[in-house]
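>>> Structure of the sequence below:
(one chain, ligands or ions: 1)
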Amino acid sequence: MTQAKDLDYTIHHLCVYDKDPRQHMWPYLRWHHGITGYFTGDTFHIADEGHADYTFLGCGGRAFQIQLEAPPYQFKYEQEWYAKHGNGYNHICWIVNDARQSYEQLQADGAIVMQEFQPFPTYDGFVMSDPEGRWIEIMEYTHDTFRVQEFTNQPAGECGLRMIGFVEVVNDLDAMSDWYQKALDLRVQEHYQNGAGGQIHLVDKFYDARERNTVMVLRTARGDEERAAMAGKGPYISAILYEAKDIERAFADGEWAGMEAIAAPAEDPLTGLKTAKLREPSGNLVELREAASS
Ligand SMILES: [Fe+2]
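Model (predicted):
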């Protein structure tokens, strides 16, 4: 059977379920982001319940971006998730070179099918959950021209802001790190021990410090908010991760843009990097870290 390493798993987007994307995209746009795809109306992804409504936003992170996805959701399991959780971070999407093969390989590695493999007009794809229950979307572009557009990896604004990835809170850090390395061909970039838990940074095989510095952070719950969320809903996607050359300025810009200040820039004792937290308009965390000086 095809191995994960042959499928070119590439981190692509974090999806935010949000019933009000027209309002909630403005703080992102004011905070140095741009729109890379705006798929709405009656011509795209029409389902029984109506058309899809996807807005993709990025900030100097090349391929990695966020997707604001508005109801009505197409499938029952999506509608049930939204009824239970409301606005929130819903899934991470990976691009592959063969979605049909990925569908078999991920199941063999222990992922659980949420939405079966399906050919759509512009891509083939499906949704599974990882062994702890977080959703994984897989897409293979099949159309000649349809792509969600990419940015360059150039930091944006005077503060040098760049969206670089996401944070997932896990139950079993080592088991999940091992699983993502095996099932999605990720590799460990950094590892921080924190008592019985810790934080592991994983990257896909296309990682490039200058051109494509996307990172997936897995960690055991840190701070009251993550511990409370973990106790309430179990393992989940906790934050969008950004880096900034000038973190104080990026934090101030974020507040001005409409993000809520949660924790001002301060040194993180675990990583030694200056780190800050904001809340984005859908109600979820945004984590900022200071970029290594170049
Ligand atoms: Fe998605």
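>>> Would you mind naming what in the stretch 51-200 of the chain lies close to the ion?
Contact residues, the stretch 51-200 of the chain versus the ion (C-beta under 5 Å from the ion): 67, 93, 137. Quick note: C-beta positions are derived from backbone N, CA and C, even for glycine.
>>> now those residues as a markdown table including pLDDT, secondary structure and neighbour count?
A markdown table is the format used below for these (pLDDT from 0 to 100; DSSP: H, G, I helix; E, B strand; the rest coil; neighbours: other C-beta atoms under 10 Å):
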| residue | pLDDT | secondary structure | neighbour count |
| --- | --- | --- | --- |
| Gln67 | 96 | strand | 24 |
| Cys93 | 98 | strand | 21 |
| Glu137 | 97 | strand | 20 |
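>>> Quick check: closest non-adjacent residue to the closest residue to the ion within the stretch 101-250 of the chain.
Nearest residue of the stretch 101-250 of the chain to the ion (C-beta to the ion) works out as Glu137 at 4.7 Å. What sits nearest to Glu137 in space, not counting adjacent residues and going by C-beta to C-beta, 6 or more residues apart in numbering, is Cys93, at 4.0 Å.
>>> contacting residues for the one you found?
12-15, 67, 136-139 (C-beta atoms under 8 Å, 6 or more residues apart in numbering).
>>> what kind of secondary structure is Phe166 in?
Secondary structure, DSSP: H, G, I helix; E, B strand; the rest coil: Phe166 is strand.
>>> The stretch 101-250 of the chain: strands as residue ranges?
Taking DSSP state E, counting those that start in this stretch, the strands of the stretch 101-250 of the chain run over residues 112-119, 123-129, 135-141, 161-169, 187-194, 197-203, 215-219, 236-244.
>>> other SSEs contacting the third one?
Helices and strands touching strand 135-141, as assessed by 3 or more C-beta pairs under 8 Å, 6 or more residues apart in numbering; DSSP states H and E, comprise strand 88-95, helix 99-108, strand 123-129.
>>> domain assignment for this structure?
4-141, 161-290 (automatic domain parsing).
>>> Check these for me: which has the lowest mean pLDDT.
Of all the domains of the chain, mean pLDDT reaches its minimum on domain 4-141 (a mean of 91).
>>> quick one: Gly88 and Gln149, what's the gap?
25 Å (C-beta to C-beta, to the nearest Å).
>>> And those two? Which one has more around it.
Set Gly88 next to Gln149 and count neighbours by other C-beta atoms under 10 Å: Gly88 wins out with 19 against 12.
>>> How about the more buried one: which residues does it bridge to?
Using DSSP bridges, the beta-bridge partners of Gly88 come out as Tyr17.
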